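Visitor: This is a predicted model, with the sequence first.
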Amino acid sequence: MQIIAHRGASAECPENTLAAVDRAIEIGADAIEIDLLISRDRRLVVRHDDLIEKDGAWCYVGELTLAELRTIDLGDGERIPDLVSVLDRVGGRCPLIVDIKSFGTAPLLAEVVDGREDRSGIRATSFLHSEIAELGRLCPWMDRSINLAAVPLRFDAILEGTGATAAGLFRGYLNEEIVRDLHAGGVRVLVYPVNLKREAVKFSSWGVDGIYTDDPRAMSGVG
């Protein structure tokens, strides 16, 4: 079972920052997950929440340029990085899963990754299934998964429509039968968020393929 650092090692560092990425690599996480939003100047920025406080006022990430976003201190002096900065920092040392949070991301992501010499470790996931389907057309080589906030009556139609080969499922809506059925259909199962070691042990015993965790160090040795 893969231990995936959710927004980097976010239990120890400000989430979705270079420090969180560095720490996840240092710990030895099997993969790192980060979130992508689009800035006003059409840059892919690493951020989960679309609202952010700047100069005492709240605004949307998409209303600010990357330069403006980088004036905001996220804690410990960390700033919002763009995707290119994270890719350069990881340098192929660890698989990187990008979670698409904005419609219209797929073409921008394809433009960034297609020009990179080493792109084998770049993966994508999203609750926005149309973005995953579009990414399949633009980057057919990329490993893709879909995220789900509930358990549908049928997984097959959703998966076929996106070309995804894995499903990210909420830990509270999962049982061993679902894992077994998905595996029988050749679908990998990823679970979010898992921050208790006893839960991680349970999911490992069910044969889950990976867990997203804020604290990859605490999950060491599981799976």
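Guide: Here it is on my side, so go on.

Visitor: show me where this structure has helices.
Guide: For the chain, the helices defined by DSSP state H cover 18-27, 66-69, 83-90, 105-114, 129-138, 156-162, 176-184, 197-206.

Visitor: Can you add mean neighbour count and give these back as JSON lines?
Guide: Any C-beta I mention is one placed from the backbone N, CA and C, and that applies to glycine too. Output for these, formatted as JSON lines (neighbours: other CB atoms under 10 Å):
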{"stretch": "helix 18-27", "mean neighbour count": "20"}
{"stretch": "helix 66-69", "mean neighbour count": "18"}
{"stretch": "helix 83-90", "mean neighbour count": "18"}
{"stretch": "helix 105-114", "mean neighbour count": "18"}
{"stretch": "helix 129-138", "mean neighbour count": "18"}
{"stretch": "helix 156-162", "mean neighbour count": "15"}
{"stretch": "helix 176-184", "mean neighbour count": "14"}
{"stretch": "helix 197-206", "mean neighbour count": "16"}
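
Visitor: Residue 217: which of those is closest?
Guide: Among the helices of the chain, the nearest to residue 217 by CB to CB is helix 18-27 (4.8 Å).

Visitor: From the contact counts, what lies against that closest one?
Guide: strand 2-6, strand 31-38, helix 83-90 (3 or more CB pairs under 8 Å, 6 or more residues apart in numbering; DSSP states H and E).

Visitor: Of the helices of the chain, which shows the lowest average pLDDT?
Guide: Lowest mean pLDDT within the helices of the chain: helix 156-162, at a mean of 89.

Visitor: Please work out which residues outside it touch it.
Guide: 129, 132, 133, 136, 144, 146, 148, 152, 165, 167, 185, 187 (CB atoms under 8 Å, 6 or more residues apart in numbering).

Visitor: again with stretch 204-219
Guide: Contacts of stretch 204-219 (CB under 8 Å, 6+ apart): 1-7, 9-12, 15, 24, 27-31, 33, 166, 168, 176, 179-180, 183, 188-195, 197, 200, 203, 222-223.

Visitor: Swap in 7 Å and give it another go.
Guide: 1-6, 9-11, 24, 27, 29, 33, 176, 179, 183, 188-195, 197, 200, 203, 222-223 (CB atoms under 7 Å, 6 or more residues apart in numbering).

Visitor: Same check on stretch 131-141?
Guide: Stretch 131-141 is contacted from outside by 100, 103, 105-107, 109-110, 113-114, 124, 126, 142, 144, 146, 161-164, using CB under 7 Å, 6+ apart.

Visitor: wouldn't residue 64 be in contact with residue 41 here?
Guide: No. Using CB atoms under 7 Å, residue 64 is not in contact with residue 41, being 8.8 Å away.

Visitor: okay if I get the helices and strands packed on helix 18-27 as TSV plus distance to residue 73?
Guide: As requested, these are exported to TSV (distance: least, CB to CB, whole Å):
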stretch	distance to residue 73
strand 2-6	22
strand 31-38	18
helix 83-90	17
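
Visitor: Now which of the contacts of stretch 204-219 would you call buried?
Guide: 1-6, 9-11, 24, 27, 29, 33, 179, 188-195, 200, 203, 222-223 (16 or more other CB atoms under 10 Å).

Visitor: thinking again about what came up before, who's more crowded, residue 64 and residue 41?
Guide: A direct count of neighbours by other CB atoms under 10 Å for residue 64 and residue 41 places residue 64 higher, at 20 against 12.
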